[in-house]
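> everything below, folded, please.
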Amino acid sequence: MERSSETAGRLESAALALRTTELPAETRSVDVPRDASLADPAEARFLLYVGLFDALADRVLSEASSDEEREAELRRALAAALSAGSALKFERHERQSRSDQNEMIARARAREIAMTERWMVPRLREDIDAYRRRIASLRRLIEERVR
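Residues are numbered from 1 along each chain as shown. Coordinates of the predicted model:
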């Protein structure tokens, strides 16, 4: 979770590095992929920062007065975005590692359940039947001695 906030922090810094001037507040819509999990705050924050980064880049390009200024701004933005790239790769690696671990745990649980159903339960039933037979024979012996 900390790594995600680090990634978001780098993207936020990159977005701030795009433009140092203040712009009037305005509401912008951010397209969210259909498969995105907005229940995860870190992922929602990440998507928000990426959307804001894109909106800021569009705004800077529309306000630049010359091609040289656009190129300079885009170079700064690209450098900032590339600096976040390593954090993004690390985050992807972390998510993949967690996914792999969860898959291994699920497989281990499935094997454990299968072993329990196929081996342990029948074995326990056999043991219970054997103990019931012993109890029955001991009761018979006790009844015979009491008589």
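
> residue closest to the middle of the chain?
Central residue check for the chain by CA atoms, centre = their mean: the C-alpha nearest the mean position is that of Arg95, 5.4 Å away.

> so where is the chain shaky, pLDDT-wise?
Within the chain, the stretches falling below the threshold (pLDDT under 70) are 1-25, 28, 30-31.

> hey, where'd the helices end up in it?
Along the chain, the segments classed as helices by DSSP state H run 2-18, 41-63, 67-115, 121-146.

> could these go into JSON lines alongside distance to Ser29?
C-beta here means a position set from N, CA and C on the backbone, and glycine is covered the same way. JSON lines is the format used below for those (distance: least, CB to CB, whole Å):
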{"stretch": "helix 2-18", "distance to Ser29": "17"}
{"stretch": "helix 41-63", "distance to Ser29": "9"}
{"stretch": "helix 67-115", "distance to Ser29": "21"}
{"stretch": "helix 121-146", "distance to Ser29": "56"}
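
> of those, which approaches Arg34 most closely?
Distances from Arg34 to each of the helices of the chain were compared using CB to CB; the shortest belongs to helix 41-63, at 12.0 Å.

> buried ones in that closest one, by neighbour count?
By neighbour count on 16 or more other CB atoms under 10 Å, the buried set for helix 41-63 is 42-43, 45-53, 55-57, 60.

> which of those sits closest to Ala81?
When these are compared for distance to Ala81, the smallest value, 7.1 Å, is given by Phe53; criterion: CB to CB.

> check the gap between the closest one and Met115 for me.
In this structure, Phe53 and Met115 are 50 Å apart, going by CB to CB, to the nearest Å.

> with Glu126 instead?
Distance from Glu126 to Met115, counting by CB to CB: 16 Å.

> kindly report the same for Glu143.
Counting by CB to CB, the separation of Glu143 from Met115 is 41 Å.

> how about Ala130?
As judged by CB to CB, Ala130 and Met115 stand 21 Å apart.

> same question, Ser66
Distance of Ser66 to Met115, computed by CB to CB: 72 Å.

> related to what we said a few turns ago, show the contacting residues for the residue nearest to the centre of the chain.
By CB atoms under 8 Å, 6 or more residues apart in numbering, the contact set of Arg95 is empty.
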